[in-house]
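Participant: Here's my sequence, what's the structure:
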Amino acid sequence: MPPDRELAERFGVSRATVREATNLLEREDLVKKKVGLGGTLINSFEDRLHTNAFTRDPHQVLDQLRAEEPIYWSEGLKAWVLTRYADVKAAGRNPHLGGGRDRARGYLRKMTPQQQAELAPLCEVYSRFLSFMNPPEHTAQRGLLSDEFTPQAVQRMRARIDSIVNRLLDELTPTGQADLLHEFALPMSSSVIVNMLGLPEEDRERFIAWIDNAFEFLGSDQTDFELAGRAMRTYEEMTAYLRGILEERRARPRNDLISKLAGVQKNDSSIPDERIIAAMITIVHGGWETTTTMVTNAMVDLLTHSDQLQKLKRDPSLLTVALEEALRFDGPFKYITRSAMEDFDLCGRSIRKGETLMLMLCAANRDPEVFEDPHRFEIGRKRIPHVAFGVGIHFCLGATLARIEGELAIAALLRRLPQMRLATEEPLWRPTSLLRQLEALPVVF
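Facilitator: Here you go, the predicted model:
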């Protein structure tokens, strides 16, 4: 007889009541255990997540979590924190975990009920993002975009990307100094996406500001109602703008992605505007933030590891593996979240429906069970099965495009600016728990 049924019959209560009591006892036991784990280091993980120390180097805390409490219940975050590579991979593929409105509402769990009600439109926006969807909606939405991100389709963009890269470097070279983030990586990646969608180049700066606003809330401790409100208004403005572009492309189609999406909708009238606009926001949302961060993180890793930089210069054929090592070492996202769609057990932990799981990608990518000497940046690694682009059905749709942009950008930087070096003793990282992103990357050459 299952233990919960036996206890239910013994005490004359429902099995659901027994399971709830068991869950509460497990969490109480976890809290008691944390007091003895490294003093207050782990017990205050939720507080450390948004500190300058964690921003600079999250791995002291994450290493201890992985070693002593790899599936950790954070009472402050109301989330399970997973730090082992195997657990992150398993969770990313677990059919009990997904997105949907439960995951979207998780971003507002620290708000008051009144505030959550006022921010309901923000939850609706999140729930329409590809990364928040569950099958079959996820499958259908991804299908709207998948043809544009196949390896063959992306390879056809190489010449266009190369042209953008070299135009930006032409503008940089006379100065002898630059901020590689704001003067190269960001304009490069945003120009690629704007060009792909068919948006006016003069509106690119507007989108950069919108995406900054959106990520500012997502990467915060999510207690600031005004910050959440600004994110909500940002999405409202972006949606209104893109709706106008969509209507214009219906009337006057061009050779761009928005026109193709309008064509798909014309042939299938069951597809609402909201799905098309959500697809466009998905591309803008992840299309250049990920690539910008990937390129600048790879460059700072190379510039702060001179032996690896010289190895790459001596053998440019190592570029592909060097980029993969940079993605492992300092990937764009520290974590992704998933929501439990039903009660289930995970590695001895009882997960309840609606609970959030934080899959710490950066911790998984430094797991010593998978990567030898994981805190060493080594572009000669033979095997780099990182999870920087996610795992499972939510693996990054634009990973192939990002990799091509990264390779073209880094190759051009090393070829055209061979004397480049950092113009600061210690790079400054952006204070966000979500992204592993620099504030700036000043260099001289």
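
Participant: which stretches of this structure aren't confidently modelled?
Facilitator: The chain contains residues with pLDDT under 70 at 1-44, 100.

Participant: Check it for its longest helix and report it.
Facilitator: Criterion DSSP state H: the longest helix present in the chain is helix 225-251.

Participant: Which residues belonging to that one are considered buried?
Facilitator: Within helix 225-251, the residues scored as buried using 16 or more other Cβ atoms under 10 Å are 225, 227-228, 231-232, 234-235, 238-239, 241-242, 245-246, 249. Using the backbone N, CA and C atoms, a C-beta is placed for each residue, glycine as well.

Participant: show me where the stretch 51-200 of the chain has strands.
Facilitator: For the stretch 51-200 of the chain, the strands defined by DSSP state E, counting those that start in this stretch occupy 71-74, 79-82, 97-98, 177-179.

Participant: Which strands border the last one, and is each parallel or antiparallel?
Facilitator: Here strand 177-179 has these sheet partners by DSSP bridges: strand 442-444 (antiparallel).

Participant: Can you add distance to residue 156 and give the buried residues of helix 225-251 back as JSON lines?
Facilitator: Shown next, in JSON lines, are these (distance: Cβ to Cβ, whole Å):
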{"residue": "225", "distance to residue 156": "45"}
{"residue": "227", "distance to residue 156": "40"}
{"residue": "228", "distance to residue 156": "40"}
{"residue": "231", "distance to residue 156": "35"}
{"residue": "232", "distance to residue 156": "37"}
{"residue": "234", "distance to residue 156": "32"}
{"residue": "235", "distance to residue 156": "31"}
{"residue": "238", "distance to residue 156": "28"}
{"residue": "239", "distance to residue 156": "30"}
{"residue": "241", "distance to residue 156": "27"}
{"residue": "242", "distance to residue 156": "24"}
{"residue": "245", "distance to residue 156": "23"}
{"residue": "246", "distance to residue 156": "24"}
{"residue": "249", "distance to residue 156": "21"}
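
Participant: Which two of the residues you listed have the greatest separation?
Facilitator: The distance between the two most remote of the buried residues of helix 225-251 (Cβ to Cβ) is 36.2 Å, for 225 and 249.

Participant: now the strands of the stretch 51-200 of the chain as JSON lines including mean neighbour count?
Facilitator: JSON lines is the format used below for the strands of the stretch 51-200 of the chain (neighbours: other Cβ atoms under 10 Å):
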{"stretch": "strand 71-74", "mean neighbour count": "21"}
{"stretch": "strand 79-82", "mean neighbour count": "24"}
{"stretch": "strand 97-98", "mean neighbour count": "23"}
{"stretch": "strand 177-179", "mean neighbour count": "17"}
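
Participant: Burial check on residue 300, number of neighbours?
Facilitator: When counting by other Cβ atoms under 10 Å, one arrives at 21 neighbours for residue 300.

Participant: likewise residue 314?
Facilitator: As a burial measure, residue 314 scores 8 neighbours (other Cβ under 10 Å).

Participant: For the stretch 1-150 of the chain, which segments count as helices?
Facilitator: 3-11, 15-35, 45-48, 52-56, 59-68, 85-92, 100-106, 113-118, 120-127, 137-145 (DSSP state H, counting those that start in this stretch).

Participant: circling back to that earlier point, now for the longest helix of the chain, which elements pack on it?
Facilitator: When contacts are defined as 3 or more Cβ pairs under 8 Å, 6 or more residues apart in numbering; DSSP states H and E, helix 225-251 packs onto helix 113-118, helix 120-127, helix 204-218, helix 257-267, helix 273-287.

Participant: Let me know the angle separating it from helix 204-218.
Facilitator: Orientation check (axes from the mean of the first three to the mean of the last three Cα atoms, to 10 degrees): helix 225-251 against helix 204-218 gives 140 degrees.

Participant: quick one: contacts for the closest residue to residue 190 other than its chain neighbours?
Facilitator: Closest residue to residue 190 apart from its sequence neighbours, by Cβ to Cβ, 6 or more residues apart in numbering: residue 288 at 4.4 Å. The contact partners of residue 288, taken as Cβ atoms under 8 Å, 6 or more residues apart in numbering, are 186, 189-190, 192-193, 211.

Participant: This completes my enquiry, with thanks.
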